[in-house]
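Novice: What would the 3D arrangement of this be:
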Amino acid sequence: MPIKEEYLRRNRTLWNTLRDVLKDEYEEYLRYITSPIYRPYIRANTLKITPEALKERLLAKGFVLEGTVLPYAFRVLHYPSEMGKTLEHFLGYYYVQDLASMLPAHILSPKPHSYVLDIAAAPGSKTTLLCALMENTGMVFANDASMDRVRALVNNVERMGCLNVVVSIYRGERLVRFYREYYDYVLVDAPCSSIGTLHKNPEVALWWSPKDVRVYSRVQYRLLLAGWEMLKPGGRLVYSTCTLTYQENEDVVEEFLRVSGARLVPVPDVGIGEVDGGIPGTKRFYPHRTATEGFFIALFEK
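Specialist: A predicted model of the protein is given here:
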């Protein structure tokens, strides 16, 4: 169920924070996230099936699909049955994943036979996409600090047929003691306050607070700095969140740049209505503009 305006108004701090971030676009944003119409996305698992073959199978079941800017992704305009309970889902032919959530791995674009770190990997949506992009070669080190979330990660890795994954349960910021300048690519899709997902996760409005934002921003900064230290010279790192606050996005990046001396690489245009972030070269994805989750992405090169 989409979030209701009255429900959001109960958390006045969140309401005011969103108004401060979105300014003149707030009313349009509010109409979008409170709309009863939600069109999810799926990603064809190219390790098991081609996008064309998947589309043919789902159309035969009564699905209505629309192409996207990514050749392996579809927007689902109509689904006759629960998407997580089809035979194709069980077989690992597709992953239910928001288009914006696919972009961090897509922009990182690791080459086959490379070593990749996904520092906060659970439940595995980006890990499994990284494996597909690498054609099951090289190695993806998928780490998460939560045992419960790692269970979902392992299940998804197995269902999607990913053969090049090493799963780790560890505090991401502590991995640097073992893997300094070890990885060709690093993905820091950091834990966050998740307000970019309000349109499909209204429960976020129940617990969200500025204190949570402060806590998350400290975690994000530590993960970003650790990920950078584990990246080889010449390597690339993507930092992303599914939230909209400046404290968890631009402020984290700004402090990281000040301390690390990293080179910020402009995030390439995707062409779905994204806007420049508060730091030139970063990108913001607002739900009402992009018809996706709210997201922030920054790209760095060592």
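Novice: next helix or strand past the helix or strand hosting Ile42?
Specialist: Using DSSP states H and E, Ile42 sits within strand 41-44. Per DSSP H and E, the first helix or strand lying C-terminal to strand 41-44 is helix 51-60.
Novice: Which residues does that next one contact?
Specialist: Helix 51-60 is contacted from outside by Ala44, Ile49, Leu65, Pro71, Tyr72, Phe74, Thr86, Glu88, Tyr93, Tyr94, using C-beta atoms under 8 Å, 6 or more residues apart in numbering. C-betas here are computed from N, CA, C, even on glycine.
Novice: If we use 6 Å, what do you get?
Specialist: With contacts defined as C-beta atoms under 6 Å, 6 or more residues apart in numbering, helix 51-60 is touched by Ala44, Leu65, Tyr72, Glu88, Tyr93, Tyr94.
Novice: Between those residues, identify the one with the most neighbours.
Specialist: Tyr94 (27 neighbours; other C-beta atoms under 10 Å).
Novice: Leaving out the residues flanking it, which one is nearest to that one?
Specialist: Leaving aside its sequence neighbours, Tyr94 sits nearest to Ile42 (C-beta to C-beta, 6 or more residues apart in numbering; 4.6 Å).
Novice: from what I can see that neighbour touches Leu99, true?
Specialist: No: if you go by C-beta atoms under 6 Å, Ile42 and Leu99 don't touch, sitting 9.7 Å apart.
Novice: tell me the secondary structure for Phe74?
Specialist: Of the three states, Phe74 takes strand according to DSSP: H, G, I helix; E, B strand; the rest coil.
Novice: list the contacts for it?
Specialist: Taking C-beta under 6 Å, 6+ apart, we find Phe74 in contact with Ile42, Leu65.
Novice: cool, Leu47 as well?
Specialist: Ala132, Asn136, Gly161.
Novice: which ones among these are found in helices?
Specialist: Ala132 (DSSP state H).
Novice: residues of stretch 176-188 that come out buried?
Specialist: In terms of neighbour count (16 or more other C-beta atoms under 10 Å), stretch 176-188 has its buried residues at Val176, Tyr179, Tyr182, Tyr183, Asp184, Tyr185, Val186, Leu187, Val188.
Novice: which residues are in contact with the longest strand anywhere in the chain?
Specialist: Selection of the longest strand in the chain by residue count, based on DSSP state E, yields strand 231-241. Residues from elsewhere that reach strand 231-241, judged by C-beta under 6 Å, 6+ apart: 104, 107-108, 181, 183-190, 192, 224, 227, 248, 296-302.
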